[in-house]
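Asker: any chance you could fold what I've pasted below:
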Amino acid sequence: MFVGREKEINELQKVLTADKKAAVLIYGKRRVGKSYLITEVLKTLSCKKIYYECLDGDYAENLQQFTVRIRREFENPYLSFSSFQDAFDYLSGTGEQTVVVLDEYSYLKGSRENRYVDSVFRSIIDSMGANIRLVLIGSFVSIMQELLERENPLFGRFSLVLHLRAFDYYVSSQFYPQKNVREKIEFYSIFGGNSFVNAMLDPRQDLRTNICEQILNPNSAVRSYLENILLSELSKTGPSHRILTALSNSKKKYSEIAEETGITGAGTLDKQLKNLIQMDVIQRTAPINRRDDRRKIFYEITDNLVRFYYTYVYAGKDTLRMIGEEAFYDLYILPSLDTFISHRFEEIAREYFQRIVKNGKKSGIYDIGTYWYDDPVKHVNGEFDCVLKHKDTYSFYEVKYHRNPLDLNTCREEEKEVRRLAEEFGIEKIGFICSSGFAFSDEKYDLITAEDMYREWI
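Answerer: As a prediction, this is how the structure comes out:
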């Protein structure tokens, strides 16, 4: 089932069907849907199509296998090329509209030293005919991002660059449309927005069954993806497991991460954090009212599945192996699962506002995020969950993951706290987002239910 990516499909079709040559770069972490996306687009094109997934081998072997693909597409078993340049010269010379896809380009790039391959493809792009469309795809985000740097031979050669990221809560819900909104929140909070992972879920089964079968089961496709693909790549970046364990289900300051991980040495932790950010595993955030305050910078895991794995599974694998999936779920996961989901529901709320702003349903929003407050009377500080920045004011939304509707008295008490802590910055509006709705109606507040967040109009 193909879900989402409508904008990306339209952009690719526009570039690949234009009457001129083009080079396209598509990158993103593994199993985010890059190959699936280009395959869907290729189905819509009426031209020659050469799709080649590069081997993690030597340069000559890749050229040989690429030649095989050209022979098949052009039905000529006698074609032979001495170089990739030679192959593309042939394709250009045919005059036939041809789309060439090199998937996992980073493997080919790594088959030679010092950007040699990038230099070859710079020459190819510069000299290829108007009938050629070249698409380079890669899963090693940091390596593919190098192609966009000014020092790289391929800098400025791409007509379109797509950095594919995981789906948000709304698109992810299309993998399990028959679930009610509370179940959709639960599924996204745990399994996240990775297209491969969501395709593996059984929407006919409940949350407990899917967690046991897909995450706790050591033989499942999802568990294999986590440990044998995603986390195996993370292990190459040094003590990443310690950092992710420290972050698990919360966000932390740099000093807190250093203390919990024990990572010392000039620049060591900085390098590891930078690597994880480049791999789309963690992100660096700050409250919208303290964007330039280095003391209020936090780091957090971006992938809900990775976050769940490090919160519950990574350190408990021995116990899980001994007592089994169902007992592990009941004893180690279920007691704190609502707390885990409640933190993720706050992010869903921010994603909701991002969607309606991007779709033109809400205007005059300069920023979306959290808001830092200090209470000098009680000597406490913290963050408001979800805040919209207008030109000179802010709108504050309290996010509640409850099993029962929110009552008016609770909202009034929350309002008092917001006004006491944030009045000096100007309050545009106060609102509430509750997963189970509200036991009252009051036009004074902007009341948003989970049903509102999943309506088609957003």
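Asker: please enumerate the strands of the stretch 201-350 of the chain.
Answerer: 282-285, 298-301 (DSSP state E, counting those that start in this stretch).
Asker: low-confidence regions, the protein specifically.
Answerer: 1, 235-238, 266 (pLDDT under 70).
Asker: how's it carved up into domains?
Answerer: Following automatic domain parsing, one gets these domains for the chain: 6-163, 169-341, 348-453.
Asker: what's the first-to-last distance across the longest one?
Answerer: Taking Cα to Cα, to the nearest Å, the span from the opening residue of domain 169-341 to its closing residue is 13 Å.
Asker: distance of His163 relative to Lys34?
Answerer: 10 Å (Cβ to Cβ, to the nearest Å). C-beta coordinates here come from the backbone N, C-alpha and C atoms, glycine included.
Asker: so Ile430 is in contact with Glu415, correct?
Answerer: Yes. Under the criterion of Cβ atoms under 8 Å, Ile430 makes contact with Glu415 at 5.4 Å.
Asker: who's more crowded, His163 and Lys34?
Answerer: Shown here are His163 and Lys34; by other Cβ atoms under 10 Å, Lys34 has more neighbours (23 against 14).
Asker: touching the helix of greatest length in the chain from outside, list them.
Answerer: Of all segments of type helix in the chain, defined using DSSP state H, the longest is helix 334-358. Contact partners of helix 334-358, identified using Cβ atoms under 8 Å, 6 or more residues apart in numbering, comprise 168-170, 185-186, 188-190, 208, 249-250, 304, 307-308, 311, 362-363, 365, 368-369, 385-386, 388, 397, 399, 401, 403, 433, 435, 448, 453, 458.
Asker: again with stretch 34-45
Answerer: If you take Cβ under 8 Å, 6+ apart as the criterion, stretch 34-45 is touched by 2, 5, 8-9, 12-13, 16-17, 26-28, 49, 51, 53, 99, 101, 103, 135, 137, 139, 164, 195.
Asker: the residue of the chain positioned farthest from its centre: helix or strand, and which one exactly?
Answerer: Farthest-out residue of the chain from its mean C-alpha position, per Cα atoms, centre = their mean: Tyr78, at 43.8 Å. Using DSSP states H and E, Tyr78 is not contained in any helix or strand.
Asker: can you start the count at 465 instead of 1 from here on
Answerer: Sure, I'll start numbering at 465, so the last one becomes Tyr542.
Asker: ok, now which ones touch it?
Answerer: Contacts of Tyr542 by Cβ under 8 Å, 6+ apart are Arg535.
Asker: chain neighbours aside, what residue packs nearest to Tyr918?
Answerer: Take Tyr918 and drop its neighbours on the chain: the residue closest to it by Cβ to Cβ, 6 or more residues apart in numbering is Val645, 5.2 Å away.
Asker: right, and the one you found touches Ile912 too?
Answerer: No. Here Val645 does not reach Ile912: they are 11.9 Å apart, not a contact under Cβ under 8 Å.
Asker: sorry, back to before: how close does the residue nearest to Tyr918 get to Arg629?
Answerer: Val645 sits 23 Å away from Arg629, going by Cβ to Cβ.
Asker: now do Gln529
Answerer: Taken as Cβ to Cβ, the span from Gln529 to Arg629 is 30 Å.
Asker: before we move on, what about Glu789?
Answerer: 30 Å.
Asker: so between these two, which is more surrounded?
Answerer: The residue with more neighbours, out of Glu789 and Arg629, is Glu789; 20 against 15, by other Cβ under 10 Å.
Asker: in contact with the more buried one, which residues?
Answerer: Counting by Cβ under 8 Å, 6+ apart, Glu789 makes contact with Cys676, Glu677, Leu680, Asn681.
Asker: which positions within stretch 844-862 qualify as buried?
Answerer: Across stretch 844-862, burial judged by 16 or more other Cβ atoms under 10 Å covers Glu847, Phe848, Asp849, Cys850, Val851, Leu852, Lys853, Tyr858, Ser859, Phe860, Tyr861, Glu862.
Asker: how far off centre is it?
Answerer: Relative to the centre of its chain, stretch 844-862 is centred 24 Å away, using Cα atoms, centre = their mean, to the nearest Å.
Asker: next: stretch 468-479.
Answerer: Distance, stretch centre to chain centre, for stretch 468-479: 18 Å (Cα atoms, centre = their mean).
Asker: what's it in contact with?
Answerer: With Cβ under 8 Å, 6+ apart, stretch 468-479 has contacts from 486, 488, 497, 501-502, 504-505, 508-509, 597, 623-624, 626, 628, 631, 635, 638, 659.
Asker: mind redoing it with 7 Å?
Answerer: 486, 488, 497, 501, 504-505, 508, 623-624, 626, 631, 635, 638 (Cβ atoms under 7 Å, 6 or more residues apart in numbering).
Asker: ranking by neighbours, what's the top pick from those residues?
Answerer: Gly497 (26 neighbours).
Asker: contacting residues for that one?
Answerer: Contact analysis of Gly497 by Cβ under 7 Å, 6+ apart lists Arg469, Leu628, Ser659.
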